[in-house]
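Q: Provided below for reference: sequence and predicted model.
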Amino acid sequence: MAEKKRPRRTRERILETSLALFNRLGAPQVTTADIADEMEISPGNLYYHFSNKDEIVFELYTQHEAAVLPLYADRGARALDVVDLWLWLHLLFESMWKHRFLYRDLDQLTSQHAKLRARFGALFRRGVGTVIQLGHGLAKAGAMRASEREIESLAQNVVLVAAYWSSYDRVRRSAADDVTENDPGRAAYQVLALFAPYLEGDARAYFDRLAADYL
């Protein structure tokens, strides 16, 4: 006899519905009343689980943080090649896409929510530290030649471009708000292009082959 699927709890449904609406319309444009209407529940039922929209936004952020942090795990000093970096960027952009509303309205959300701003700031710093480790790994493998200062600047630029890529890409393509197309490969290529001036040998040749696919 097939096991019955556990029905989703109201709290889970609120988060799922909110995420879909925020991604489609932008969090500032969605109210708790909109979420309740979409779910066909009363506002009171929603407020039983979340006191306000900020709580929903922060809960969704914690989901995103939990998904991203494993990508920021300490890599030590092991040597890496450019394929490792390419895969890492793919995984990062796939994770960011799921909660893309956070980046679409990053300035507004963090200016209105001090706790979210602090957590996002810490996440960005972890990201910078991870890219620095990746740079050191590429340098150790002989795939990249860059000074410590250049690697640190590169890491800041990588996190900057990654954070604002989805907003830029949506405007660049004049895409509708409800765009559902995800192209982590294009995003990863654009960030990898930041490394290109420092890549050498086979690593540079690999990047050039990728460029031929995307340009």
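A: Thanks, I have it. Numbering: from 1, shown residues only.

Q: Going by C-alpha atoms from here, please, whenever you check contacts or count neighbours.
A: OK.

Q: Give me the secondary structure label for residue 88.
A: helix (DSSP: H, G, I helix; E, B strand; the rest coil).

Q: And for it, the neighbour number?
A: By other Cα atoms under 10 Å, 15 other residues sit near residue 88.

Q: Please give me every residue in contact with it.
A: residue 71 (Cα atoms under 8 Å, 6 or more residues apart in numbering).

Q: Would you mind finding the longest helix in the chain?
A: Ranked by residue count under DSSP state H, the longest helix found in the chain is helix 114-140.

Q: which helices and strands does whichever helix or strand comes after that helix pack with?
A: For helix 114-140, the following helix or strand on the C-terminal side (DSSP states H and E) is helix 148-172. Applying 3 or more Cα pairs under 8 Å, 6 or more residues apart in numbering; DSSP states H and E, we find helix 148-172 packed against helix 101-104, helix 114-140, helix 184-195.

Q: could you redo the last one with a cut-off of 10 Å?
A: Of the remaining helices and strands, those touching helix 148-172 by 3 or more Cα pairs under 10 Å, 6 or more residues apart in numbering; DSSP states H and E are helix 82-98, helix 101-104, helix 106-112, helix 114-140, helix 184-195.

Q: Now do the fourth one, average pLDDT.
A: What helix 114-140 shows for mean pLDDT is 95.

Q: got a list of what the residue nearest the centre of the chain touches?
A: Centroid check for the chain by Cα atoms, centre = their mean gives residue 96 as the closest residue, at 2.3 Å. The contact partners of residue 96, by Cα atoms under 10 Å, 6 or more residues apart in numbering, come to 64, 65, 67, 68, 90, 102, 103, 162, 163, 166, 184.

Q: Please consider this matter closed, and thank you.
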